[in-house]
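Engineer: need a 3D model of the sequence below.
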Amino acid sequence: MEAMKKVIRHKMSVLELAETLGNITEACRRRDVSRTQFYEWKRRYQTHVMEGLKDLPPIPKHHPFSTPKKTIDRIISLSLSNPSRGCNYIEHLLQHEGTYVSSVTIQKHLDKAGLGSRYDRWVRLEKLGAESPTKLSGEQISFLEKQNPQFKERHVESSKPGELLNQDTFYVGRLKGVGKVYLHAVVDTYSSHAFGILHFNKKPEAAVAVLHNEVLPFYKKYQLSIENILTDNGTEFKGTDTHPYQIYLDFNDIKHRTTKLRRPQTNGFIERFNRTVLDEFFRIKFREKMYKNIKLLQKDLDEWLFFYNQKRPHQGYRNMGNTPLKTITNFVHKDN
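Structural biologist: Numbers count the residues shown, from 1 in each chain. Down below sits the predicted model:
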């Protein structure tokens, strides 16, 4: 009791000194008290008089109504087992097991665990799939393939940069005063490093141009060889023995692989890149400005590709938060 009175007298003396001096800062300095603490004491004194100056009981470390760790672990497990489902679904599953946790509380625990969104769960599952693919259920694999088309092509991945590139021709659209525009894109399956040039058509010469002007010089710079290129069955990639694209690959000792289906069909790596460049570049730029020629659009695309390859961290089981260029340079330095 005496100790409590001493605490109250000390706090009261600080309040009285501030009133006497007419200077809160000086009073706090003399009594070695922070201004924040002073205003808290003053508020409590004005509200509860002397009773408000008593020390408050310590906050318990474990709230009696907090969610047990066992239940939190179960929430995380159910969320990863059902990555496409929301908190209401997890709430019903827990109720079926005899445990009640509100959907709001479930969301709170998922946020703390870094699993609050589908994107978060996708990244976590990709990491788990990379470490031990056999542990993923059919629903988890289906979810991953839907979120990331590249996951469908995990059987065609590569062990080093340049071992397998994917190439495709993507129809951008018809620009007023410019005409049809196509994106000739190439993606490295090891690092997701992407290359792209714009052209008025999808002829073989344009498909060769992106390889000759962008891709080969890049890998030569890092003393890496290009071993295989996977394309669909489009006419810009396949034809007679004198087909320009095939001749160029043969000349550079690059093997040409194509999808097995007869009709032209892209693969997961290119499909993901095409969707990304469409959402994050073309749709945004076409809302911001009108392009009078393809060179101006190519200039902006080059700037975006620089950001995509060298500035933007790529999540997922292959890059693990590194940029595509960083993934390549890490391999080069490790190999040397």
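
Engineer: for the rest of this, base every contact and every neighbour count on C-alpha atoms.
Structural biologist: Will do.

Engineer: sketch out the low-pLDDT regions of the stretch 201-336 of the chain for me.
Structural biologist: Scanning the stretch 201-336 of the chain for pLDDT under 70 picks out the ranges 260-268, 315-318, 335-336.

Engineer: list the buried residues of stretch 81-88.
Structural biologist: 81-84, 86-87 (16 or more other CA atoms under 10 Å).

Engineer: now do the end-to-end distance for it.
Structural biologist: With CA to CA, to the nearest Å as the measure, stretch 81-88 spans 15 Å from end to end.

Engineer: look at residue 3 and say how many residues are nearby.
Structural biologist: The number of residues packed near residue 3 is 8, by other CA atoms under 10 Å.

Engineer: go on, residue 278?
Structural biologist: Residue 278, neighbours per other CA under 10 Å, totals 15.

Engineer: and for residue 289?
Structural biologist: 9.

Engineer: between which two of the buried residues of stretch 81-88 is the distance greatest?
Structural biologist: 81 and 87 (12.8 Å; CA to CA).

Engineer: residue 184 is in contact with residue 169, correct?
Structural biologist: Yes - in this structure residue 169 lies within contact range of residue 184 using CA atoms under 8 Å: 4.6 Å.

Engineer: now do the shared contacts for these two.
Structural biologist: 202, 207 (CA atoms under 8 Å, 6 or more residues apart in numbering).

Engineer: so between the two, which is more surrounded?
Structural biologist: Taking other CA under 10 Å, residue 169 and residue 184 do not tie; residue 169 has more neighbours (27 against 24).

Engineer: part of a helix, is the more buried one?
Structural biologist: No - per DSSP: H, G, I helix; E, B strand; the rest coil, residue 169 lies outside any helix segment and is strand.

Engineer: give the contact list for residue 88.
Structural biologist: Contacts of residue 88 by CA under 8 Å, 6+ apart are residue 103.

Engineer: scratch that, residue 23 is what I was asking about
Structural biologist: Contacts of residue 23 (CA under 8 Å, 6+ apart): none.

Engineer: check what pLDDT it gets.
Structural biologist: For residue 23, the pLDDT comes out at 89.

Engineer: and the gap between it and residue 16?
Structural biologist: In terms of CA to CA, residue 23 sits 11 Å off from residue 16.

Engineer: repeat for residue 82
Structural biologist: Taking CA to CA as the measure, residue 82 falls 61 Å from residue 16.

Engineer: now residue 55
Structural biologist: Counting by CA to CA, the gap from residue 55 to residue 16 is 19 Å.

Engineer: quickly find the element holding residue 185.
Structural biologist: In the assignment (DSSP states H and E), residue 185 maps to strand 179-188.

Engineer: kindly apply the preceding question to residue 229 instead.
Structural biologist: Assigned by DSSP H and E, residue 229 falls in strand 228-231.

Engineer: pull the CA atoms of the helix or strand that that strand is followed by into PDB?
Structural biologist: As assigned by DSSP H and E, the chain's next helix or strand after strand 228-231 is helix 244-251. Provided in PDB are the C-alpha atoms of helix 244-251 (Å, rounded to 0.1, in the frame of the first residue of the first chain):
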ATOM      1  CA  PRO A 244      14.400 -19.400 -92.500                       C
ATOM      2  CA  TYR A 245      13.800 -20.000 -88.800                       C
ATOM      3  CA  GLN A 246      15.000 -23.600 -88.900                       C
ATOM      4  CA  ILE A 247      18.000 -22.700 -91.000                       C
ATOM      5  CA  TYR A 248      19.000 -20.000 -88.400                       C
ATOM      6  CA  LEU A 249      18.700 -22.500 -85.600                       C
ATOM      7  CA  ASP A 250      20.700 -25.100 -87.400                       C
ATOM      8  CA  PHE A 251      23.400 -22.600 -88.300                       C
END
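
Engineer: what's the next secondary structure element after helix 244-251?
Structural biologist: Criterion used, DSSP H and E; the element after helix 244-251 is strand 255-258.

Engineer: same question for stretch 205-221: list its buried residues.
Structural biologist: 206-211, 214-216.

Engineer: repeat for stretch 7-16
Structural biologist: 8, 11-12, 14-15.

Engineer: show me the contact partners of that stretch.
Structural biologist: 27-28, 31, 38, 41-42, 50, 53-55.

Engineer: who are the contact partners of the residue nearest to residue 248 when sequence neighbours are not counted?
Structural biologist: Leaving aside its sequence neighbours, residue 248 sits nearest to residue 208 (CA to CA, 6 or more residues apart in numbering; 7.1 Å). Residues in contact with residue 208 (CA under 8 Å, 6+ apart) are 244-245, 248.
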